[in-house]
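Participant: using only what follows, build the 3D model:
(one chain, ligands or ions: 3)
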Amino acid sequence: MASNRKMLVLGGDGIGPEVVKEVLRVVDWMAKKRSVSFDLQEGLVGGAAYDKHGTPLTDETLADAVDSDAVLFGAVGGTQYDDLPFEVKPERGLLRLRKEMDLFANLRPAMVFDAMADASSLKRDLVSGLDIMILRELTGGVYFGQPRGIDDLPDGTKKGYDTQVYTTPEIERIGRVAFDLARKRDGRVTSVEKANVMMSGVLWREVMTNLHKAEGEGVVLDHMYADNCAMQLVRNPKQFDVIVTDNLFGDILSDCAAMLTGSLGMLPSASLGAVDEVTGKRHALYEPVHGSAPDIAGKGIANPIAEMLSFAMALRYSFDMGEEADMLEQAIQNVLKSGLRTADIMQDGMARVSTTVMTDSLLKELDKLVSG
Ligand SMILES: NC(=O)c1ccc[n+]([C@@H]2O[C@H](COP(=O)([O-])OP(=O)(O)OC[C@H]3O[C@@H](n4cnc5c(N)ncnc54)[C@H](O)[C@@H]3O)[C@@H](O)[C@H]2O)c1
Ligand SMILES: CC(C)[C@H](C(=O)O)[C@@H](O)C(=O)O
Ligand SMILES: [Mg+2]
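Facilitator: Ligands and ions are numbered 1, 2, ... in the order given. Got it, this is the predicted structure:
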């Protein structure tokens with residue numbers, strides 16, 4: 001059935017295609033049980049694209065991504081690609097997608113579902129009900145700054161270097177997203193950098209402070225150094241509402257936040273571009289925070305929940321299907337409540353299940369939600 005909901009599916013490598021396949025079962029369910037169809041297209045990215053085309057992202061796939069309403073992304077990378085030249089490594093495919101689609105705002109929510117509070121690395125009372133949003137700037141900073149390279153030095157040793165760059169407009173646009181998010185939540189933004197050692201951090205703090213004065217009505221802003229933030233996340237995570245930070249600190253802090261929720265396999269994300277003033281649309285890519293997990297790939301034990309929750313974010317942010325997104329999230333909560341666990345979130349007294357059995361049960365919960 002044709003539809004105007006264009007979604008490009010890029011499974012990638014390792015467990016990427018395994019978890020994406022499970023989401024496609026939910027997409028099927030929606031077509032059958034809710035009469036909601038998607039115009040799906042599949043493509044290659046990462047190592048899978050390199051194996052076939054000699055590049056981790058072809059221009060054609062990039063064009064398809066730009067043309068879609070949303071990209072559903074799995075994960076890229078794998079040890080078999082470790083020796084490839086830097087510019088064709090699988091991860092470059094993802095980075096090029098982010099940059100060329102200008103997906104500057106990466107929303108990484110860390111929520112602890114009731115049934116999961118005992119699976120966290122922290123004690124139950126520190127995490128139960130936790131709901132924080134890490135907003136990571138995704139198209140700037142040390143990931144893309146020039147110059148970068150490895151040079152030979154006269155003494156026969158080498159010098160490896162990267163450059164962290166942020167401009168005022170780059171900081172302002174992510175700051176605006178942070179304030180907008182906070183207004184719909186608890187109204188608090190913590191801006192995280194290392195202004196004590198980095199000039200880009202000094203600018204980041206100055207721009208955030210000025211932006212807050214000019215446009216921060218209804219929002220309380222505070223500032224924190226990134227090292228302290230890492231510590232505070234595992235000491236008392238409920239002190240945070242929205243954390244806004246740069247590309248590299250956001251990468252690290254969100255993996256850290258994952259363990260508050262029980263596993264990297266639980267954390268979704270949405271990578272969003274600016275809203276086009278004429279069409280009202282924006283480029284978007286939905287990706288779990290985890291990677292291709294080479295240690296468990298092919299074993300059928302990956303946790304599909306991060307990918308499922310990423311699809312729920314797609315339903316909410318790209319397809320205006322909040323009701324379906326709520327339903328999917330509710331079904332996930334019900335499955336967890338029923339005691340099913342993939343290996344990464346296994347707890348005493350729970351039933352250990354495979355990736356596909358987790359989805360079987362999720363589809364049954366969805367059935368129950370529509371019939372009851
Ligand atoms: N967005 C992405 O595509 C992305 C993100 C992170 C890492 N990577 C790449 O993935 C490869 C492996 O990286 P890594 O090992 O540092 O990180 P990783 O996230 O792939 O795995 C870290 C650990 O978490 C576990 N894990 C991750 N996702 C899981 C899931 N859904 N269910 C159960 N367990 C899960 C893994 O088994 C592993 O023990 C590298 O090539 C890296 O560059 C890609
Ligand atoms: C695979 C890699 C390029 C990526 C990043 O560093 O941004 C990943 O770690 C992530 O968190 O999305
Ligand atoms: Mg990461």
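Participant: residues of the protein that sit close to ligand 1?
Facilitator: 15, 19, 75-78, 91, 94, 264-265, 287, 290-296, 302-303, 306, 344 (CB under 6 Å from any ligand atom). Every C-beta, even on glycine, is put in place using the N, C-alpha and C of the backbone.
Participant: any idea of the pLDDT on residue 275?
Facilitator: On the pLDDT scale, residue 275 is placed at 94.
Participant: give me the distance between it and residue 208.
Facilitator: Per CB to CB, to the nearest Å, residue 275 is found 21 Å from residue 208.
Participant: narrow the residues of the chain next to ligand 1 to those in helices?
Facilitator: Under the assignment DSSP state H, those contribute 15, 19, 91, 94, 306 to helices.
Participant: tell me where the stretch 1-150 of the chain has strands.
Facilitator: 6-12, 39-43, 70-75, 105-111, 131-137, 149-152 (DSSP state E, counting those that start in this stretch).
Participant: and among those strands, the most buried is which?
Facilitator: strand 70-75 (a mean of 28; mean count of other CB atoms under 10 Å).
Participant: which residue would be the closest one in the stretch 101-250 of the chain to ligand 1?
Facilitator: residue 106 (10.4 Å; CB to the nearest ligand atom).
Participant: correct me, but that residue touches residue 273?
Facilitator: No - assessed by CB atoms under 8 Å, residue 106 is found out of contact with residue 273, at 10.9 Å.
Participant: quick one, which of residue 275 and residue 208 is more surrounded?
Facilitator: residue 208 (26 against 11; other CB atoms under 10 Å).
Participant: show the pLDDT at the closest residue in space to residue 98 that isn't next to it in sequence.
Facilitator: Among residues not flanking residue 98 along the chain, residue 138 sits closest, at 5.4 Å (CB to CB, 6 or more residues apart in numbering). Model confidence at residue 138, given as pLDDT, is 98.
Participant: what's the distance between residue 138 and residue 244?
Facilitator: To residue 244, residue 138 is 12 Å away according to CB to CB.
Participant: and for the residue in the chain positioned nearest to ligand 2, the neighbour number?
Facilitator: Nearest residue of the chain to ligand 2 (CB to the nearest ligand atom) works out as residue 91 at 4.0 Å. Applying other CB under 10 Å, we find 17 residues neighbouring residue 91.
Participant: that one contacts residue 46, correct?
Facilitator: Yes - between residue 91 and residue 46 there is a contact under CB under 8 Å: 7.4 Å.
Participant: just the mean pLDDT for the helix or strand encompassing residue 271, thanks.
Facilitator: Using DSSP states H and E, residue 271 sits within strand 270-272. Averaged over strand 270-272, pLDDT sits at 98.
Participant: neighbouring strands for it, and are they parallel or not?
Facilitator: Strand 270-272 has the following strand partners under DSSP bridges: strand 105-111 (antiparallel), strand 284-286 (antiparallel).
Participant: tell me the angle the first one makes with strand 131-137.
Facilitator: Okay, so that is strand 105-111. 160 degrees (axes from the mean of the first three to the mean of the last three CA atoms, to 10 degrees).
Participant: ok, and does strand 105-111 reach over to ligand 2?
Facilitator: No - if you take CB under 6 Å from any ligand atom as the test, strand 105-111 misses ligand 2, and the best it gets is 7.8 Å.
Participant: return that strand as CSV; C-alpha atoms alone will do.
Facilitator: Extracted in CSV, the C-alpha atoms of strand 105-111 (Å, rounded to 0.1, in the frame of the first residue of the first chain):
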residue,chain,number,x,y,z
ALA,A,105,20.3,18.2,17.4
ASN,A,106,20.7,14.8,18.9
LEU,A,107,18.1,14.0,21.5
ARG,A,108,19.1,11.1,23.8
PRO,A,109,16.5,10.6,26.5
ALA,A,110,17.4,8.4,29.4
MET,A,111,14.3,7.1,31.1
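Participant: what about that strand, distance to the chain center?
Facilitator: How far strand 105-111 lies from its chain's middle: 6 Å, per CA atoms, centre = their mean, to the nearest Å.
Participant: now the residue of the stretch 251-372 of the chain found nearest ligand 1: closest residue in space that isn't a chain neighbour?
Facilitator: Using CB to the nearest ligand atom, residue 291 is the residue of the stretch 251-372 of the chain that sits closest to ligand 1, at 2.3 Å. The shortest distance from residue 291 to any non-neighbouring residue, by CB to CB, 6+ apart, is to residue 75 (4.9 Å).
Participant: and for residue 153?
Facilitator: residue 159 (5.6 Å).
Participant: mind listing what the residue most central in space within the chain touches?
Facilitator: Against the mean C-alpha coordinate of the chain, by CA atoms, centre = their mean, the closest residue is residue 269 at 2.5 Å. Residue 269 makes contact with 106, 107, 108, 109, 254, 286, 287, 288, 289, 310, 313 under the criterion CB atoms under 8 Å, 6 or more residues apart in numbering.
Participant: looking at those, which is nearest residue 51?
Facilitator: residue 287 (20.6 Å; CB to CB).
Participant: and the closest one, what does it touch?
Facilitator: Going by CB under 8 Å, 6+ apart, residue 287 touches 73, 74, 75, 94, 269, 271, 310.
Participant: cool, residue 38 as well?
Facilitator: 3, 5, 6, 7, 27, 30, 31.
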